[in-house]
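Peer 1: what follows is a predicted protein model with its sequence.
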Amino acid sequence: MAGAFTLVFFMRQATNLAWIFLWIGILLVFLSSGVILKPTSLWNFIIAFAALASAYKLLNQGRINF
């Protein structure tokens, strides 16, 4: 979470530090065997992808045009 927070809010100042935090977090999740992959429906995938795309556009442009 620290990596994602740093990457979103302090993009210009601490980019390398944010990526280091993210990779450490991913590595720790896999080392602790806390990853459980479950199948998902196509409907859930479409909703999640739309939310991700909307959030990306909000972060870059500050607005969403429908």
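Peer 2: Thanks, I have the structure now. None of these values were measured; they are calculated from a predicted model.

Peer 1: spatially central residue in this structure, please.
Peer 2: Ala4 (6.4 Å; Cα atoms, centre = their mean).

Peer 1: quick check: that residue touching Trp23?
Peer 2: No - taking contacts as Cβ atoms under 8 Å, Ala4 lies outside contact range of Trp23: 12.0 Å. In short, each C-beta sits where N, CA and C put it, glycine included.

Peer 1: ok, the residue nearest to the centre of the chain - contacts?
Peer 2: Residues counted as contacts of Ala4 (Cβ atoms under 8 Å, 6 or more residues apart in numbering) are 18, 22.

Peer 1: what do you get for Thr15?
Peer 2: Leu7.

Peer 1: quick one: it from Phe21, how far?
Peer 2: Thr15 sits 11 Å away from Phe21, going by Cβ to Cβ, to the nearest Å.

Peer 1: rewinding a little: for the host helix or strand of the residue nearest to the centre of the chain, C-alpha coordinates in CSV please.
Peer 2: Secondary structure from DSSP states H and E places Ala4 in helix 2-9. Extracted C-alpha coordinates of helix 2-9, given in CSV (Å, rounded to 0.1, in the frame of the first residue of the first chain):
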residue,chain,number,x,y,z
ALA,A,2,2.9,2.3,0.7
GLY,A,3,4.2,1.9,-2.9
ALA,A,4,0.8,2.6,-4.4
PHE,A,5,0.2,5.6,-2.3
THR,A,6,3.7,7.0,-3.0
LEU,A,7,3.3,6.3,-6.8
VAL,A,8,-0.1,8.1,-6.9
PHE,A,9,0.6,11.1,-4.7
